[in-house]
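Undergrad: The following comprises the amino acid sequence and a computationally predicted model.
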Amino acid sequence: MEVDALTIYLVLSLPLSSDQFTTIGALSNPAHLNIRLLDAPMKLDPATLSFSTKPRRQRLLGTFSVSAGETMTAPTFKCATASYQTVELECSDSECVVDVTHVGYSAAGLFIWQSQTV
């Protein structure tokens, strides 16, 4: 049994359509997004982050197939308690287009849920 381990759940929720909180500029139907775990043992500074400074990819966690108005869950993975987990989303094919801006309080976006492993 692993001590001090967490199970991580990644959940992606996209709104159904554009409204006062959401602008769907473009979205493939469905869009196929790879989820990759990055090698980032500490908190990243968004002000200095770029394609040339981003952490290297550790492994592919899975692929989301997402459409507007849907919520998807990626395969779970385990990590140590009090560790930083950094993921990258990327289109998995050349036909993929995702341009969604969301502001407000409704549940939309990429969520990281965690639970203690017993």
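TA: Now that the structure is in, tell me what you want to look at. Residues are numbered from 1 along each chain as shown.
Undergrad: Not counting its own residues, what contacts the one helix or strand in the chain whose mean pLDDT sits lowest?
TA: Within the chain, confidence by mean pLDDT, DSSP states H and E is lowest for strand 22-27 among all helices and strands, at a mean of 78. Contacts to strand 22-27, defined as Cβ atoms under 8 Å, 6 or more residues apart in numbering, come from residues 14-15, 17-18, 67-68, 97-104, 106, 108. Backbone N, C-alpha and C define where each C-beta goes, glycine included.
Undergrad: How about stretch 77-96?
TA: Stretch 77-96 has contacts (Cβ under 8 Å, 6+ apart) with 2, 4-8, 10, 12, 28, 31-38, 40-44, 54-55, 57, 61, 63-64, 97-98, 110, 112, 116-117.
Undergrad: list the buried ones in stretch 111-118?
TA: Buried residues in stretch 111-118, counted by 16 or more other Cβ atoms under 10 Å: none are found.
Undergrad: Stretch 27-38 too?
TA: Buried-residue list, stretch 27-38, by 16+ other Cβ under 10 Å: L27, S28, A31, H32, L33, N34, I35, R36, L37, L38.
Undergrad: Check stretch 56-76 too.
TA: L61, T63, F64, V66, A68, M72, A74.
Undergrad: Assign a three-state SS to the first one, would you?
TA: In terms of secondary structure, L61 is strand; the call rests on DSSP: H, G, I helix; E, B strand; the rest coil.
Undergrad: Tell me what the nearest residue to it once chain neighbours are set aside is bridged to.
TA: Leaving out its chain neighbours, the residue that sits closest to L61 by Cβ to Cβ, 6 or more residues apart in numbering is I35, at 4.5 Å. Beta-bridge pairing of I35 under DSSP bridges involves G62, L89.
Undergrad: neighbours around L10, how many?
TA: Residues near L10, counting by other Cβ atoms under 10 Å, number 22.
Undergrad: Any buried residues in the host helix or strand of it, and which?
TA: Under the criterion of DSSP states H and E, L10 resides in strand 5-13. Residues L6, I8, L10, L12, S13 are the ones in strand 5-13 that count as buried (16+ other Cβ under 10 Å).
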